[in-house]
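Visitor: The following block contains a protein sequence and its predicted model.
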Amino acid sequence: MLKENDQSLVGLDFLMATAAAAACVLPPFFWVFTRKLARGAHYRYHLNLIYARAVVLCATAAEKPAERRSQPLKELDYVCREVEQRILQAHRTIGTMRRRSPRRLQARHHGALVAGALRTQLARLDVEPEKALPELAAMLLAISERYAAGRVGALLSEEALFDATPVSTTRTTLGESLRVVLAILAAMGAAVAASAAMPALQVPEDLRPWMVLGCAALAAILVAGWHRVARILEVFPGK
């Protein structure tokens, strides 16, 4: 009986160690994979994949009658929010500008204008959706094509931005910074709680660091989301 209990504990320790190791190893592996594979093409052009998803949602909503559009429009709101964030980061993700390049200021201002135009177009979905949906899809396609061509300072034409109100990058940055701070605090709190619980759970000494790191990573992902945690990893050397 004691032998069976010992084997069960060994199996449980192995599973816990595997889970903790995966939580610690996978984030940096993902960071390296997305930025180094094909010279960072996956990371650089992930924006185009998001655009494609938004265009598909536009088409899906346009095909449905008005009373059945609620779900596609909700999903479209969520995806366009991510599109907006990516537009505001386009000067970074395109990978053609240094951190202190004078070109970044102009590209950032243009991105704020494009994000404002996108919000205006989204608002029209509640006014004349039959007309606004194809126009939104056309706008997203134009932005996607120009981004793929490296034209981050001309994602939309001047005519399309004539009445656009730029999105406040300061407010957006503060919001994102707050979420990052919450993720770090959650990770620290989880690490402290895990460290305090280890003796009571009788976790072996050699597994405790892995368990603490795994709990911290899990807490950060639950609070801020995987994508924000992945962006936190960008501060590490090697970018």
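Guide: Perfect, I can see it now. Residues are numbered from 1 along each chain as shown.

Visitor: Now name the helix or strand holding the closest residue to L125 other than its chain neighbours.
Guide: Using C-beta to C-beta, 6 or more residues apart in numbering and skipping the chain neighbours, the partner closest in space to L125 is A132 (4.9 Å). Bear in mind the C-beta positions are built from the backbone N, C-alpha and C, glycine included. With elements taken from DSSP states H and E, the one containing A132 is helix 129-148.

Visitor: pLDDT on that helix, on average?
Guide: Averaging pLDDT along helix 129-148 yields 91.

Visitor: Specify the next element, helix or strand, located C-terminal of that helix.
Guide: Next helix or strand after helix 129-148 toward the C-terminus (DSSP H and E): helix 169-201.

Visitor: Can you give me the buried ones in that next one?
Guide: 172, 176, 180, 183-184, 186-187, 190-191, 194, 198 (16 or more other C-beta atoms under 10 Å).

Visitor: circling back: elements contacting the helix holding A132?
Guide: Packing partners of helix 129-148 (3 or more C-beta pairs under 8 Å, 6 or more residues apart in numbering; DSSP states H and E): helix 46-63, helix 103-123.

Visitor: next one: that helix to chain centre, how far?
Guide: How far helix 129-148 lies from its chain's middle: 21 Å, per C-alpha atoms, centre = their mean, to the nearest Å.

Visitor: For that helix, C-alpha coordinates in CSV please.
Guide: C-alpha atoms of helix 129-148 as CSV (Å, rounded to 0.1, in the frame of the first residue of the first chain):
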residue,chain,number,x,y,z
PRO,A,129,-24.5,48.5,-41.9
GLU,A,130,-25.3,47.3,-45.5
LYS,A,131,-23.0,50.0,-46.8
ALA,A,132,-20.5,50.2,-44.0
LEU,A,133,-19.6,46.5,-43.9
PRO,A,134,-18.1,46.3,-47.5
GLU,A,135,-16.5,49.7,-47.0
LEU,A,136,-14.9,48.5,-43.8
ALA,A,137,-13.6,45.4,-45.5
ALA,A,138,-12.2,47.5,-48.4
MET,A,139,-10.4,49.7,-45.8
LEU,A,140,-8.9,46.7,-44.0
LEU,A,141,-7.7,45.3,-47.3
ALA,A,142,-6.1,48.5,-48.3
ILE,A,143,-4.3,48.8,-44.9
SER,A,144,-3.1,45.2,-45.2
GLU,A,145,-1.7,45.5,-48.7
ARG,A,146,0.2,48.7,-47.9
TYR,A,147,1.5,47.3,-44.6
ALA,A,148,2.8,44.2,-46.5
